[in-house]
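# Quick one, structure for this:
(2 chains)
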Amino acid sequence: GAVVSQHPSRVICKSGTSVKIECRSLDFQATTMFWYRQFPKQSLMLMATSNEGSKATYEQGVEKDKFLINHASLTLSTLTVTSAHPEDSSFYICSGRQINTGELFFGEGSRLTVL
Amino acid sequence: GENVEQHPSTLSVQEGDSAVIKCTYSDSASNYFPWYKQELGKGPQLIIDIRSNVGEKKDQRIAVTLNKTAKHFSLHITETQPEDSAVYFCAAIKGLTGGGNKLTFGTGTQLKVEL
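Residues are numbered from 1 along each chain as shown, chains lettered A, B, ... in the order given. Modelled structure (predicted):
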């Protein structure tokens, strides 16, 4: 299957700082990328949908000013958690939709811990 | 919107036995049903998928069945091995290539294969 790379895989930051997570589709072009958050022993919850070159669409209850998403190219999307707080600690996962087939491939996830 | 229910939440089987995980969906327009395996600390990995024009699909020890009338689909793993232990998620989506369409995940099944 196609490969989606996420970086960093783990990050620890202090409360109040901002953290950027990158999501890259390595061997395919992704017109759409999805960002999920997963708490322990729970399912993946969609946070936002980003389309290349346009503003992201956020799910209800997700603060767009806190979770900044940029999808600058067909192979890169970034999620920035601004002014992070301990309750933002979670596993963040991105997914890219392949431009031709529409199939979805997931990254390995990024574990964020806010102290 | 779409609602996907998944059962059981935990499943323990002896090595070599079969495991079955069942999901139901609510939106009759959903037409693509992937299954993901998620190991601890990693992102979901697509293991098999089925489209609505097919009733069954098999890939070695893994098979998926779809009953469109009843709106349910199942994952079957035969000859289970310890490395099959993981969390499995079913999902459903309407229109795989539609830019605005999103995956809806089930709640996950923790599969444990015991020696």
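# Every contact and neighbour count from this point should use C-alpha atoms.
Noted.
# For the chain, give me the ranges with low pLDDT.
Answering for chain A, as no chain was given. Within chain A, the ranges that satisfy pLDDT under 70 run A:1.
# The chain in question should be chain B.
Low-confidence segments of chain B, defined by pLDDT under 70, span residues B:96-100.
# so which residue of it comes closest to chain A?
Nearest to chain A, among the residues of chain B, is B:G43, at 4.0 Å (CA to the nearest CA).
# And for the closest residue to chain B within chain A, nearest residue in space, chain neighbours not counted?
Residue of chain A nearest chain B, by CA to the nearest CA: A:E108 (4.0 Å). Excluding the flanking residues, the one nearest A:E108 by CA to CA, 6 or more residues apart in numbering or on different chains is B:G43, at 4.0 Å.
# mind checking how far the residue most central in space within chain A is from A:I69?
Centroid-nearest residue in chain A, with CA atoms, centre = their mean: A:W35, separated by 3.7 Å. Distance, A:W35 to A:I69, by CA to CA, to the nearest Å: 9 Å.
# can you list residues touching both of those two?
Common contacts of A:W35 and A:I69 (CA atoms under 8 Å, 6 or more residues apart in numbering or on different chains): A:L79.
# just checking, B:Y88 touches B:G43?
No: using CA atoms under 8 Å, B:Y88 is not in contact with B:G43, being 11.4 Å away.
# contacting residues around the residue of chain B closest to chain A?
Applying CA under 8 Å, 6+ apart to B:G43 gives the contacts A:93, A:106-109.
# could you redo the last one with a cut-off of 10 Å?
A:4, A:6, A:38, A:44, A:91-95, A:105-110, B:36-37 (CA atoms under 10 Å, 6 or more residues apart in numbering or on different chains).
# circling back: report the secondary structure state of the residue nearest to A:E108.
Taking DSSP: H, G, I helix; E, B strand; the rest coil as the rule, one finds B:G43 in the coil state.
# can you count the residues close to B:I47?
Residues within reach of B:I47, counting by other CA atoms under 10 Å in any protein chain shown, total 15.
# Give the other helices and strands that the helix or strand harbouring it contacts.
In this structure, B:I47 is located in strand B:45-51 according to DSSP states H and E. With contacts taken as 3 or more CA pairs under 10 Å, 6 or more residues apart in numbering or on different chains; DSSP states H and E, strand B:45-51 sits against strand A:104-106, strand B:32-38, strand B:56-59, strand B:62-67, strand B:72-77, strand B:86-92.
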